[in-house]
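Novice: I would like to see how this sequence folds:
(chains A and B)
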Amino acid sequence: EDQVTQSPEALRLQEGESSSLNCSYTVSGLRGLFWYRQDPGKGPEFLFTLYSAGEEKEKERLKATLTKKESFLHITAPKPEDSATYLCAVRGAMNSGYSTLTFGKGTMLLVSP
Amino acid sequence: GAVVSQHPSWVICKSGTSVKIECRSLDFQATTMFWYRQFPKQSLMLMATSNEGSKATYEQGVEKDKFLINHASLTLSTLTVTSAHPEDSSFYICSAPGHLGNTIYFGEGSWLTVV
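Specialist: Sure thing, here's the model as predicted:
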């Protein structure tokens, strides 16, 4: 069974204070690790997909990295508008033929001005 | 802009009635769509996989007679909550894979409140 654990559950940062969110996973044959941003009362917004250890992707102040056991979402010089819940999800080989994802519980990020 | 659209965004219904939620893929075809449920401060839980032209596949513990799924076309899937009860109140979200499945897009979600 695929499992995803995100930490911390909640993180409070000052504007400009860089940090990282962690996503640890166990999966049978990783077929993609996904990062999403979810604002309160909204559906998840796609950020990144990573496929292999060593892969990195960037978008504005966000950078996602991947190892064989975990992924990090680095936030550089965050702004208040970066406040949201960040979700990590994996797609494993057992889901062959489907695009079903196993989600972590998310990290709630609050950036104060 | 949104590539997967849900309607309605929120709905209030009386206990015992049925309510339908639509999920549409915009500008692309989706032979498969997914329905999730999310409780406050909880993760997304997959309810079922909607397949165009065939029956939906339900996750363990999800009542298929209560949560009716119809994938009528390559751009539309519907979730009908039948005989709704207050415990069915939740945030329902659909998703669809993009080209090659490299990106999985989610709808804006639908809040259901059963009173």
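Novice: and the strands in the chain?
Specialist: Since no chain was named, I'll use chain A. Assigned strands in chain A, in chain order: A:3-7, A:10-14, A:19-26, A:30-38, A:45-50, A:56-59, A:62-66, A:70-75, A:84-92, A:102-103, A:107-112 (criterion: DSSP state E).
Novice: the intended chain is chain B.
Specialist: Remark: strands assigned in chain B by DSSP E are B:4-7, B:10-13, B:19-25, B:32-38, B:44-51, B:57-58, B:67-73, B:76-81, B:90-97, B:104-106, B:110-114.
Novice: among these, which is nearest residue A:44?
Specialist: strand B:104-106 (4.5 Å; Cβ to Cβ). Quick note: C-beta positions are derived from backbone N, CA and C, even for glycine.
Novice: the closest one near chain A at all?
Specialist: Yes. Using Cβ under 8 Å from any Cβ of the partner chain, strand B:104-106 comes into contact with chain A via B:104-106.
Novice: how much space between the residue minimising distance to the centre of chain B and chain A?
Specialist: Nearest to the mean C-alpha position of chain B, by Cα atoms, centre = their mean, lies residue B:35 at 3.8 Å. As judged by Cβ to the nearest Cβ, to the nearest Å, residue B:35 and chain A stand 11 Å apart.
Novice: what sits closest to that residue if chain neighbours are left out?
Specialist: residue B:47 (4.6 Å; Cβ to Cβ, 6 or more residues apart in numbering or on different chains).
Novice: in a markdown table, list the strands of chain A along with distance to chain B, mean neighbour count and mean pLDDT.
Specialist: Below are these laid out as a markdown table (distance: least, Cβ to the nearest Cβ, whole Å; neighbours: other Cβ atoms under 10 Å in any protein chain shown; pLDDT from 0 to 100):
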| stretch | distance to chain B | mean neighbour count | mean pLDDT |
| --- | --- | --- | --- |
| strand A:3-7 | 8 | 18 | 95 |
| strand A:10-14 | 10 | 14 | 97 |
| strand A:19-26 | 12 | 18 | 97 |
| strand A:30-38 | 7 | 21 | 93 |
| strand A:45-50 | 6 | 19 | 93 |
| strand A:56-59 | 12 | 12 | 96 |
| strand A:62-66 | 14 | 20 | 98 |
| strand A:70-75 | 16 | 20 | 98 |
| strand A:84-92 | 7 | 24 | 93 |
| strand A:102-103 | 4 | 22 | 90 |
| strand A:107-112 | 8 | 18 | 97 |
